[in-house]
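Colleague: Task: produce atomic coordinates for the following.
(3 chains)
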Amino acid sequence: MSKINWYKYSAPVTFYGLAGKMFPGFAILSAILFAIGLYISFFVAPTDATQGDAYRIIFIHVPAAWMSMFIYVVMAAYAGIGLAFNTRLSAMMAQALAPTGALFCFIALFTGSFWGKPMWGAWWVWDARLTSQLILFFLYVGFISLQAAIDDPRRSDRAGALIALVGVINVPIIYFSVKWWNTLHQGASISLTKAPSMAHTMLLGMLIMALACWMYTIAVALYRVRLIILERERNSTWVSDLMKEMK
Amino acid sequence: MKSRHKKMVFILAGLAGIGIIVALVMNAFRSNLVFFFTPTQVVDKQAPVGHTFRIGGLVEKGSLKRENDGLTVHFVVTDTRNNMNVTYKGILPDLFKEGKGVVAQGKLDSSGQFVADEVLAKHDENYMPPEVASELKAAKAAKASKTPL
Amino acid sequence: MNWGSFSAFLHMGGYAFYVWSSFGLSFALLAFELVQLSLRKRTLLKRLGQIQKLNEHRGNK
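Modeller: Here you go, the predicted structure:
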C-alpha cells in the first residue's frame, strides 16, 4: 500500500474535492442516526420516576451541550494550528465550524431553559454551569463577528484564533462547574470514572443522538468549508476553471 | 525561520498568560460563583450577612407544614449535619418534595429563621423508570428494617 | 412502546409544551442552518459566475 500524501489534502483546491465527496455520506449517516435516536428517545426509553416525561428533553439538550463544547475545542485547535503553521485550510476549518458550534450552544441553552422551568421552577439561574455555558455562546458570537468584521483574511484568521484559544479554558470550566461549585444544575450522569446513573435505554438514546449531532456537524462543516474555499480562492485559475465547467 | 519561531513562542506565551489571568480572576470570584450555601456553611457564618442569599440541601422528611392561608409553608432544609428553618409564601415547584433537594433564596431574620422569596427544586443526576425506583425504595426499606438498633 | 395512544404521546405526561417546544425549535434551527447554507451557495455561485463572465469579456477585448 503506497503512502498517502496527506500534505496534498492541506491544499484548499484538493480538499475542496475531497470534502465534496465526503459530506453526503456524513449527511446520510446523520439522518439515519437522528431517526434511530428520536425513536429510542420517545418509544424505547421509559419515563423517569422523578421527572416524568419532561426528562426526554435530555435527548437533545445533552448532545447539543456536548457538541457545543467539543466543536469549540476542535475550532480552537484548527485556529491554533493555522496560527502556528500559517496553514490557510486550518483557519478555514475553524471558520466553518463556528456557526454550527454556536447553534448547538444556543440549543443547549434554550432546551435547558425549557427543562428548568417545569423541573426547577426557573427559566434561568446564574449558577456556574449555566453562566459558563452562556459565556461560551458569547465567545462563539465574538469569534464569528470579529472574523466577519475584518476584511483581510489573514488578519481575520489571526484575530479569531486569539478569541478561540483564550476562550478554550472555558470548556473545562463548564464541565467541572458542577463539581467545583454549588450549582442548581445537577452533576454528570455519565463520566469516565463511575458507572452511569441512567437506565440503559436512556443512555443509548442519548449516545445515539450525540452521534447524530456529530455526523451532522461534520457534514455541515465540510459543506461550509467548500463555500469558504471558493470565496477565498475566487480569483484563482482553478476556481475560474470550475466555473467554466459548470456552465 | 528562527524569528518566526520566536514570534510563535511569544504568541503562545501571551495566550498562556491570558489564560492564567482568566483562571486567577475566576478563582478570585469563586465566592460569587457559589449558587447556594449549605446549612452548615450558614452556621459557620460563611453566608453573607444582611442581604439575600441562597441555601441548599434536602427537605427534611416530615418537616413540611402548610398554614391555613394555603400559600404559606414551613419546612426544614438539612445537609444531614445542620438544619435551617425556612418560611415561604408562594407556589412550590412541581418537584418539591420531602427528602428531595431544594434551593431557597431569601434572608435570615433576627430569630435565625430563613425567610424565602423563591424556592427551587434541585434534582439529582439519576434517571430511572418508576419500577426501578420503587424496587430501590423497597430494597432500602428492607435494609433499614434489618439494621440492629 | 411507551404510549397508550397518540394523544397520550402528544400530551407527554403533561409536559407537552416544554418537550415539543424544545425539540421543535431545535430541529427548526438545524433545518434553518441547512437552508441558509444552500442559499449561501446559490448566491456565491451566482457571484462567481458573474466574475467569470466579466473576466471572459475582458479577455475577449
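
Colleague: Show me what from chain C comes close to chain A.
Modeller: Contact residues, chain C versus chain A (C-beta under 8 Å from any C-beta of the partner chain): C:1-3, C:9, C:12-15, C:18-19, C:21-23, C:25-26, C:29-30, C:33-34, C:37, C:40-41, C:44-45, C:47-49, C:51-52, C:55. For every residue, glycine as well, the C-beta is placed using N, CA and C.

Colleague: Could you identify the longest helix within chain C?
Modeller: Looking across chain C with DSSP state H, the single longest helix is helix C:16-60.

Colleague: Spatially central residue for chain B, please.
Modeller: B:Gly56 (3.5 Å; C-alpha atoms, centre = their mean).

Colleague: now that residue, what's its secondary structure?
Modeller: strand (DSSP: H, G, I helix; E, B strand; the rest coil).

Colleague: Okay, now the unreliable bits of chain A?
Modeller: Scanning chain A with the threshold set as pLDDT under 70 gives A:1-8, A:247.

Colleague: What residues does it have near chain B?
Modeller: So far as C-beta under 8 Å from any C-beta goes, chain A lies against chain B at A:46-51, A:55, A:58, A:83-84, A:118-122, A:125-128, A:131, A:162, A:165-166, A:168-169, A:173, A:181-184, A:186-189, A:197-199, A:202.

Colleague: Any of those residues buried? List them.
Modeller: Buried members of these, counted by 16 or more other C-beta atoms under 10 Å in any protein chain shown: A:46-51, A:55, A:58, A:83, A:118-122, A:125, A:127-128, A:131, A:162, A:165-166, A:168-169, A:173, A:181-184, A:186, A:188-189, A:197-199, A:202.

Colleague: circling back to that earlier point, mind checking how far the residue nearest to the centre of chain B is from chain C?
Modeller: Distance, B:Gly56 to chain C, using C-beta to the nearest C-beta, to the nearest Å: 23 Å.

Colleague: do the longest helix of chain C and chain B meet?
Modeller: No: using C-beta under 8 Å from any C-beta, we find that helix C:16-60 stays clear of chain B, coming within 11.2 Å at best.

Colleague: Report the mean per-residue pLDDT for that helix.
Modeller: The pLDDT scores in helix C:16-60 average 92.

Colleague: Tell me which other helices or strands it touches.
Modeller: helix A:58-85, helix A:88-119, helix A:200-232, helix A:237-246 (3 or more C-beta pairs under 8 Å, 6 or more residues apart in numbering or on different chains; DSSP states H and E).

Colleague: For B:Thr40, which of those helices is the nearest?
Modeller: Set against B:Thr40 and scored by C-beta to C-beta, these come closest in helix A:88-119, at 25.9 Å.

Colleague: tilt between that closest one and helix A:200-232?
Modeller: Counting by axes from the mean of the first three to the mean of the last three C-alpha atoms, to 10 degrees, helix A:88-119 lies at 140 degrees to helix A:200-232.

Colleague: mind listing what C:Thr2 touches?
Modeller: Rather than Thr, residue C:2 is Asn. A:Phe42, A:Phe43, A:Val44, A:Ala45, A:Pro46, A:Thr47, C:Phe9 (C-beta atoms under 8 Å, 6 or more residues apart in numbering or on different chains).

Colleague: Actually, B:Phe37.
Modeller: Contact partners of B:Phe37, counting by C-beta under 8 Å, 6+ apart, are A:Asn182, B:Gln46, B:Ala47, B:Phe53, B:Arg54, B:Ile55, B:Gly56.

Colleague: Tell me what it is bridged to.
Modeller: For B:Phe37, the beta-bridge partners are B:Ile55 (DSSP bridges).

Colleague: what's the distance between it and B:Val77?
Modeller: Look at B:Phe37 and B:Val77: by C-beta to C-beta, to the nearest Å, they are 10 Å apart.

Colleague: Over to C:Met12?
Modeller: Separation of C:Met12 from B:Val77 (C-beta to C-beta) stands at 31 Å.

Colleague: quick one, which of the two is more surrounded?
Modeller: Comparing C:Met12 with B:Val77 by other C-beta atoms under 10 Å in any protein chain shown, the one with more neighbours is B:Val77, at 27 against 20.

Colleague: Could you pull up the mean pLDDT of the helix or strand that contains that one?
Modeller: B:Val77 is part of strand B:72-78 when elements are defined by DSSP states H and E. What strand B:72-78 shows for mean pLDDT is 94.

Colleague: How about it and chain A, touching?
Modeller: No: for strand B:72-78, no contact with chain A is found by C-beta under 8 Å from any C-beta; the gap never falls below 13.0 Å.

Colleague: coming back round to it: so which of the contacts of C:Asn2 comes closest to chain B?
Modeller: A:Pro46 (3.7 Å; C-beta to the nearest C-beta).
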